[in-house]
Structure formats: structure tokens, C-alpha cells
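>>> Quick one: sequence and predicted model below, then my questions.
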Amino acid sequence: MSSNRANLVDGIATMMAAFIAAHPTLLLRHFDARPKSALTDWPCSYLDTLGMTIHYDSGLRETIFNPQIVFVDRETDSLETSDRIDVLVDTMTDHLDSYPHLVAGTSWSDASWTEEAVPLSDSTSATGVRLSITGLSFLNGRP
């Protein structure tokens with residue numbers, strides 16, 4: 001059985017695998033969810049949330065997702081890390097141009113980046129940025 005949520009997780013994983021293949025020094029690994037154990041393979045990313053809203057009309061159900069992907073780089077030198085994050089954000093933004101449909105038949109309209117500290121399991125934090133994709137829409141017919 002397939003679902004919009006599962007298809008979206010798979011679509012994001014495919015997009016991230018293509019990014020890693022094209023830019024292996026910018027991102028080493030992507031996780032479909034934040035690992036319960038320590039984050040490894042710096043820099044890495046993980047799918048954080050899949051917030052969604054649902055709109056019904058007489059013939060359609062529209063499910064709108066707002067997925068968020070967090071990119072993490074273990075801080076060793078703040079200036080060097082900042083430079084790497086800047087290049088990662090710019091390169092990933094360009095990469096998004098190739099993915100207007102993360103899943104066949106979907107579309108999304110907006111994205112934003114937010115800098116944040118990412119808490120680690122050892123009571124420290126790492127440098128991170130959050131990519132929020134908004135308005136990713138699935139349309140399904142109603143019976």
C-alpha cells in the first residue's frame with residue numbers, strides 16, 4: 001500500500017541521494033528521520049517534520065505538506081563551518097530547481113532557510129540550517 005506521506009519521504013530521499021552523488025564533499029549522508037543515536041558522517045541531513053493540512057471540496061481532497069530538512073555540520077572552526085554552510089545552502093537551492101515535483105503529480109511553491117543550532121546527544125550543539133518547503137500539494141479524488 002502506498003501513501004502520500006510515504007511517497008513524499010521516498011521523493012525527498014531520492015532528491016537528497018542525487019544531491020549527495022553530485023556533491024559528495026558538501027553532504028555525506030541523509031537520514032529519513034533524525035537518528036535516535038548520535039548524528040554521524042558530518043555534514044549530514046535528516047528529514048525533521050512533515051507537517052500537513054488537508055482541504056476538502058466536493059470532488060477533491062488536497063493534502064498540503066510542509067516538510068523540513070535539517071542540514072548539520074559538526075562545528076570545528078566557526079568561520080570555516082559558516083563558509084561550508086553558505087556553499088551548501090546555495091548549492092542545495094540550485095539543486096531544488098530540478099525538483100519542482102518531489103513526487104510525480106505534486107507541486108510545491110515556496111522554500112525558506114533558517115540558521116539554527118542543532119542539539120546533539122552529548123549536550124553540545126552543531127551548526128545547522130533548516131530548509132522548509134511549503135505548499136507541497138497532493139490532489140486525490142474523493143469517492
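Alright, I've got the coordinates. Residues are numbered from 1 along each chain as shown.

>>> where along the protein do the helices fall?
4-22, 78-96 (DSSP state H).

>>> What segments of the chain are strands?
29-31, 44-56, 60-73, 110-119, 125-134, 136-141 (DSSP state E).

>>> Output the contacting helices and strands for the third one.
Which is strand 60-73. Other elements packing on strand 60-73 under the criterion 3 or more CB pairs under 8 Å, 6 or more residues apart in numbering; DSSP states H and E are helix 4-22, strand 44-56, helix 78-96, strand 110-119, strand 125-134, strand 136-141. C-beta coordinates here come from the backbone N, C-alpha and C atoms, glycine included.

>>> Then the shortest one?
On a contact count with 3+ CB pairs under 8 Å, 6+ apart, strand 29-31 meets helix 4-22, strand 44-56.

>>> a markdown table for those, including mean neighbour count, distance to Thr81 and mean pLDDT?
Listed next are the helices and strands packed on strand 29-31 as a markdown table, based on neighbours: other CB atoms under 10 Å; distance: least, CB to CB, whole Å; pLDDT from 0 to 100:
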| stretch | mean neighbour count | distance to Thr81 | mean pLDDT |
| --- | --- | --- | --- |
| helix 4-22 | 16 | 19 | 97 |
| strand 44-56 | 15 | 14 | 94 |
